[in-house]
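Novice: Predicted model, plus sequence, below.
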Number of protein chains: 2
Amino acid sequence: MSMPTTSIKEVAQRAGVSIGTVSNVLNRPNLVAPATRQRVLDAIGQLGYVRNDSARQLRAGRSRTIAIVVLDVANPFFADVVRGAEMEAEKVGGVVVVCNSGEDPTRERRHLDILEEQRVQGVLITPVHDGPDSRLEQLIARGTPVVLVDRGSGHHNRCSVAVDDVLGGRLAAAHLREQEHTSIAYVGGPASLRQVADRQAGAASAIGADGELRVIETATLSVAAGRRAAGEIADLPARQRPTAVFCANDLLALGVLQEMTQRGVRVPRDIAIVGYDDIEFAAAAAVPLSSVRQPREQLGRTATQLLLDEINDHGRHQHRHVVFQPELVVRESSSRPYRRPARATARG
Amino acid sequence: MSMPTTSIKEVAQRAGVSIGTVSNVLNRPNLVAPATRQRVLDAIGQLGYVRNDSARQLRAGRSRTIAIVVLDVANPFFADVVRGAEMEAEKVGGVVVVCNSGEDPTRERRHLDILEEQRVQGVLITPVHDGPDSRLEQLIARGTPVVLVDRGSGHHNRCSVAVDDVLGGRLAAAHLREQEHTSIAYVGGPASLRQVADRQAGAASAIGADGELRVIETATLSVAAGRRAAGEIADLPARQRPTAVFCANDLLALGVLQEMTQRGVRVPRDIAIVGYDDIEFAAAAAVPLSSVRQPREQLGRTATQLLLDEINDHGRHQHRHVVFQPELVVRESSSRPYRRPARATARG
DNA sequence: ACGAGGTGATGAAACGTTTCATATGTTCGT
DNA sequence: ACGAACATATGAAACGTTTCATCACCTCGT
């Protein structure tokens, strides 16, 4: 079935011109006389010619696509970041391809291998793993522009955009403290993710000496992991059980909410929950979820701008680290004050 | 900064062999003597050589990637389909790139243009638009294997995987009829999407002569569009207002739920809601959402299998149309019986 | 000692573009 | 009428691979 793809040569032949002229029609149409141009365009139409991008790239040295490697395509947070990146890339006629690492270092590595083989223009990435000798460092060292997304960076060899996760964690925990919670659980993981660690650090700093932060590490940032963590919490002996849960993202928080509800633990009366990301579904949850909001689309846009700047400006480019401020959105899941002494009879 | 990328030639030189030998080390290592092979591998390591995929593809004629073009990356439904596709592709060492049409025919076209220029192996797509002369038909006619996803097809020139949307619509509407709803609204759009039309047709068929299906067309399948539609419904004079809403997908349904709740219309007491897709967030919604479940991941897996079969088997391949059965999941948003005469005093 | 067969390595062709120096007219100003 | 200047079109080189026919060498069996 597969047709013998037609090449520029056949177009040239059909239009009665040289291949150089066909190429000019495609790339600098003003250099060729209108009559000839039309003849070539007709030939292209008749033959159904489609330019071979491999050949073009081979000659040009670089492709026109930029890649974004995300931790989880199923997470609405990243969907919005991607959307922002796409909008910005579209402005300059670029294309964005989305790669999903699924929080798996091996898959991340595989993707980076392939992207480098493809000579992508640049990479936006929220890395799973990143150390001094990481695959990512290699990529950068060999000259591919990279922008870190949702990840602060002390690195001087790349740009980054991020939201202040320490502050976000502090906001969430401070809010819970104001509601008189002293025993708080932090649900998040894997701890190797910088975001997870930072949010925890922020929370810890806001809790102070008279409060307690119990950390429950999860394998992934998913609804399922949240349910498992909630199970652990609910199974604790009553006196040890925290009265509030702060989750590293909304997927976890929704999982915690589901599991608690299923077990008859009432939210927020028996336990308060605060999530992170403020995804669209947080407000629509069974108990509307308090969450720390990040400028998701903006993150994608800014990251892409930085990347494009590095790609185009080459010499002059200065690496920058842009940090946005998060914002706490209080909803029902954490809003009713918690009454310690009279739990059994407390109402409303 | 950008290094002059090293090529196979420099590796050959460094290892003291011909470029043919280097290529053999890369592609058929067993053909080359262990000592030589090691020498080449060392050179590759020292130089940080990365194969140029453009050149390889140019020679090979085709790339090793398959593409999936979805209507909306932010829709968890597609996220799961993508995941299924990735799993299947990974088995055979393939790569999946995700393209987002955003329900916009122009963007879809642009993506297909680029994908064809890149000579992708094949395309999985849920088309926005598809007619006898569509861009998609051209692509197929020129020999690129295509599998339609979530879209039944009478077409004989391609495979398809789909869920029986007419049946799904019928299940949903029949369920609402059983709850004694006679005036039902169908919220969905754009009507040009086959899924939207089919689900409506199914619903209509289940309603029968004594029921009424009021159709409210939306511009997109998003939460925001759902809210707007809910506004329209709530604004209707009381006697015309439907007592149940069936939505073409869960995003719409969640939007309807949010807007109704905000306006003080109680769900399911004042109005029942049934969604479609049963995304993970449906069960976690403010009022757990009844929905029509589709085997999302399976859809992606099967589609990829069909595509790979066509890619590899070339001659022998027979186009197939796989149809899965949907399944109604009843939750609270539609489960309490609706009491017509005594609405004001009805409880539980 | 000789050819057959096998193992390893080589060199050149080919893939489809883009680019650039060159060639061929055409038009103008003087 | 003559070169200058300009507008168009051309042909060949180059991009980095893979592939394939060929070659050089070695080992055996006779």
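Specialist: That came through fine.

Novice: quick one: contacts for the residue of the stretch 1-150 of chain A found nearest DNA strand C?
Specialist: In the stretch 1-150 of chain A, no residue comes nearer to DNA strand C than residue A:8, which is 2.8 Å away by Cβ to the nearest atom of the strand. (Glycine included, C-beta is placed from N, CA and C.) Contacts for residue A:8 (Cβ atoms under 8 Å, 6 or more residues apart in numbering or on different chains) come out as A:19, A:22, A:23, A:49, A:51.

Novice: just checking, which of those residues belong to strands?
Specialist: Among the contacts of residue A:8, no member is found in strands (DSSP state E).

Novice: So which of the residues you listed wins on neighbours?
Specialist: Within these, residue A:22 tops the neighbour count with 27 neighbours, counted by other Cβ atoms under 10 Å in any protein chain shown.

Novice: Quick check: it touching residue A:15?
Specialist: Yes. The criterion here is Cβ atoms under 8 Å, and residue A:22 meets it with residue A:15 at 6.9 Å.

Novice: picking that back up, return the member of the contacts of residue A:8 nearest to chain B.
Specialist: residue A:51 (5.3 Å; Cβ to the nearest Cβ).

Novice: Surely the closest one touches residue B:117?
Specialist: Yes. Between residue A:51 and residue B:117 there is a contact under Cβ under 8 Å: 5.3 Å.

Novice: Please spell out the segments of chain A that come in under the pLDDT threshold.
Specialist: Applying pLDDT under 70 to chain A flags residues A:1-4, A:336-348.

Novice: quick one, strands of it?
Specialist: Applying DSSP E to chain A gives strands spanning A:65-70, A:95-100, A:122-125, A:146-149, A:159-163, A:183-188, A:212-217, A:244-247, A:272-277, A:290-293, A:321-324, A:327-329.

Novice: hmm, who's touching the first one?
Specialist: Here strand A:65-70 makes contact (Cβ under 8 Å, 6+ apart) with A:78, A:81-82, A:85, A:89, A:94-101, A:108, A:111-112, A:115, A:118, A:120-127, A:149, A:300, A:304, A:307-308, A:311.

Novice: ok, 6 Å please
Specialist: A:78, A:82, A:85, A:94-99, A:101, A:111, A:115, A:120-125 (Cβ atoms under 6 Å, 6 or more residues apart in numbering or on different chains).

Novice: Check the residues you listed one by one and keep those near chain B.
Specialist: Subset of these in contact with chain B: A:82, A:95, A:97, A:98, counting by Cβ under 6 Å from any Cβ of the partner chain.

Novice: Save those residues as a markdown table, and put in neighbour count too.
Specialist: Formatted as a markdown table, those follow (neighbours: other Cβ atoms under 10 Å in any protein chain shown):
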| residue | neighbour count |
| --- | --- |
| A:82 | 23 |
| A:95 | 21 |
| A:97 | 23 |
| A:98 | 24 |
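
Novice: Most widely separated two among those?
Specialist: Pairwise distances across these peak at 12.5 Å for A:82 and A:95 (criterion: Cβ to Cβ).

Novice: Excluding covalently adjacent residues, which one is nearest to residue A:225?
Specialist: residue A:218 (4.0 Å; Cβ to Cβ, 6 or more residues apart in numbering or on different chains).

Novice: how many neighbours does the one you found have?
Specialist: Neighbour count of residue A:218, defined by other Cβ under 10 Å: 22.

Novice: The one 3 residues further on too?
Specialist: Residue A:221: 28 surrounding residues under other Cβ under 10 Å.

Novice: residues in contact with it?
Specialist: The contact partners of residue A:221, by Cβ under 6 Å, 6+ apart, come to A:249, A:251.

Novice: That one and residue A:312, how far apart?
Specialist: Per Cβ to Cβ, to the nearest Å, residue A:221 is found 34 Å from residue A:312.

Novice: Spit out the contact partners of residue A:166.
Specialist: Residue A:166 makes contacts with A:198, A:201, A:202, as judged by Cβ under 6 Å, 6+ apart.

Novice: burial count for the first one?
Specialist: The one in question is residue A:198. 21.

Novice: Next: residue A:176.
Specialist: Applying other Cβ under 10 Å, we find 28 residues neighbouring residue A:176.

Novice: separation between it and residue A:247?
Specialist: 12 Å.

Novice: Now the stretch 201-348 of chain A against chain B: closest residue?
Specialist: residue A:281 (4.3 Å).
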